[in-house]
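Undergrad: mind looking at a prediction? Sequence and model below.
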Amino acid sequence: MATHVKVIAGLCLVSGAFWALWTFAAPLVLTMLAAFVASSGEPDAAVGTTVLGLTGVWLAVMFGTFAVANIVVGVGLWKFKRWARIAGIILGVLSLISFPFGTAFGIYALIILFRKDTEALFV
């Protein structure tokens with residue numbers, strides 16, 4: 001079971017890196033789109049630019065939260081911390097809605113982290 005927990009930890013770390021990439025990429029793309037809208041000269045361009053900017057900030061906060069959560073849980077699972085098992089279960093449940101890869105990860109994480117022999121690893 002230790003190998004399965006290490007695999008889940010690695011997947012959490014990879015997922016965290018993915019979310020960290022999107023933390024910077026999504027606002028950058030929206031900023032470029034806002035600049036394009038602003039240069040259009042339309043009377044409502046300021047509203048569109050504001051909405052795009054706020055959306056970029058909101059996405060950066062959300063994606064950054066997911067990145068930090070996945071990385072922290074991944075490190076905790078790698079070190080077999082007791083709190084990381086519970087947090088891994090929560091991340092597994094939350095990832096079920098991300099079809100298809102998140103769903104597969106969530107099912108795998110829940111099956112492994114709910115087993116009694118896995119629970120014994122976390123002291």
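TA: On my side now, so go ahead.
Undergrad: residues of the helix or strand encompassing Gly16 that come out buried?
TA: Taking DSSP states H and E as the criterion, Gly16 maps to helix 2-38. Applying a neighbour-count criterion of 16 or more other CB atoms under 10 Å, one finds 4-5, 8-9, 11-13, 15-16, 19-20, 22-23, 26-27, 30, 33-34, 37 buried in helix 2-38. In short, each C-beta sits where N, CA and C put it, glycine included.
Undergrad: packing partners of that helix?
TA: helix 45-78, helix 82-95, helix 101-113 (3 or more CB pairs under 8 Å, 6 or more residues apart in numbering; DSSP states H and E).
Undergrad: can you give me the angle it makes with helix 82-95?
TA: 50 degrees (axes from the mean of the first three to the mean of the last three CA atoms, to 10 degrees).
Undergrad: mean confidence (pLDDT) on helix 2-38, please.
TA: Helix 2-38 carries an average pLDDT of 96.
Undergrad: tilt between that helix and helix 101-113?
TA: Helix 2-38 and helix 101-113 are oriented at 150 degrees to each other (the same axes, to 10 degrees).
Undergrad: okay, the angle between helix 2-38 and helix 45-78?
TA: Using the same axes, to 10 degrees: helix 2-38 against helix 45-78 is 170 degrees.
Undergrad: looking at the helices and strands packed on helix 2-38, which is nearest to Glu119?
TA: Of all these, helix 82-95 sits nearest to Glu119, with 7.0 Å by CB to CB.
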